[in-house]
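Peer 1: predicted model and sequence follow; I will ask about them next.
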Amino acid sequence: MIRYVLVVFVALMCISWLQPLLRRIGLGRLPGDFRFRLFGREWSVPLASTLILSALVSLIVKFLHA
């Protein structure tokens, strides 16, 4: 169980570090990506971008293991 928590934590850290780069290439501004301000901070929920990145990574893994 702790392994999954650690993987999620590391993934969230990597995504937060790469967020400015991903915004420059257009991810994070797709329809289905939500951005809002709450408690003086800007929050983003990139649902559409997550689906696209997930599909891309699964295709890469599929071709590497074939």
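Peer 2: Received it, and whenever you're ready, just let me know what you need. Residues are numbered from 1 along each chain as shown.
Peer 1: what score does Ala66 have for pLDDT?
Peer 2: pLDDT, Ala66: 66.
Peer 1: low-scoring pLDDT stretches of the chain, where are they?
Peer 2: Within the chain, the stretches with pLDDT under 70 are 66.
Peer 1: please enumerate the strands of it.
Peer 2: For the chain, the strands defined by DSSP state E occupy 33-38, 41-46.
Peer 1: please name whichever of those is nearest to Ile15.
Peer 2: strand 41-46 (8.5 Å; Cβ to Cβ). Every residue, glycine included, has its C-beta placed from N, CA and C.
Peer 1: spatially central, which residue of the chain would that be?
Peer 2: Thr50 (4.8 Å; Cα atoms, centre = their mean).
Peer 1: got JSON lines for the strands of the chain, with mean neighbour count too?
Peer 2: Shown next, in JSON lines, are the strands of the chain (neighbours: other Cβ atoms under 10 Å):
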{"stretch": "strand 33-38", "mean neighbour count": "10"}
{"stretch": "strand 41-46", "mean neighbour count": "12"}
